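Peer 1: fold the following.
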Amino acid sequence: MHTHENDYLFYVFEGGTIDVFDASGEHAATLEPKAGDLLAFRCEGETLVPADGSTPVPACHSARNTGTTRYREVLVEFL
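Peer 2: Below is the predicted model:
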């Protein structure tokens with residue numbers, strides 16, 4: 001479990017299926033980033049709003065790779 005307080009983006013090296021859970025452990029979203037994707041999120045209070053208009057996710061969340069492949073990314077947070 002972690003919380004984002006700033007805007008950020010991440011570059012995907014190896015894609016997969018990522019399930020995101022809110023602070024209470026409830027499923028909030030499923031992401032399926034592909035290798036080469038660059039995803040950006042804007043932090044609006046307790047919500048992370050994706051730049052591509054897809055499903056918002058809670059700023060406080062956990063994420064788990066539920067796919068069958070390894071998932072790797074690098075995340076850059078803007079301070």
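Peer 1: so His2 touches Ser62, yeah?
Peer 2: Yes - between His2 and Ser62 there is a contact under C-beta atoms under 8 Å: 7.2 Å. C-beta coordinates here come from the backbone N, C-alpha and C atoms, glycine included.
Peer 1: more neighbours: these two, which one.
Peer 2: Ser62 (14 against 8; other C-beta atoms under 10 Å).
Peer 1: who's in contact with the nearest residue to Phe13 once chain neighbours are set aside?
Peer 2: Setting aside the residues directly before and after it, Phe13 is nearest to Arg72 in space (C-beta to C-beta, 6 or more residues apart in numbering), at 4.2 Å. Contacts for Arg72 (C-beta atoms under 8 Å, 6 or more residues apart in numbering) come out as 12-14.
Peer 1: how close does Arg72 get to Val57?
Peer 2: Between Arg72 and Val57 the distance is 19 Å, computed by C-beta to C-beta, to the nearest Å.
Peer 1: next: Leu79.
Peer 2: Leu79 sits 20 Å away from Val57, going by C-beta to C-beta.
Peer 1: okay, those two: which has more neighbours?
Peer 2: Shown here are Leu79 and Val57; by other C-beta under 10 Å, Val57 has more neighbours (20 against 6).
Peer 1: surely that one is in contact with Asp19?
Peer 2: No - the pair Val57 / Asp19 is not scored as a contact, 10.7 Å apart, by C-beta under 8 Å.
Peer 1: ok so, going back, which of the contacts of Arg72 lies closest to Leu38?
Peer 2: Among the contacts of Arg72, Val12 lies closest to Leu38 (C-beta to C-beta), at 7.6 Å.
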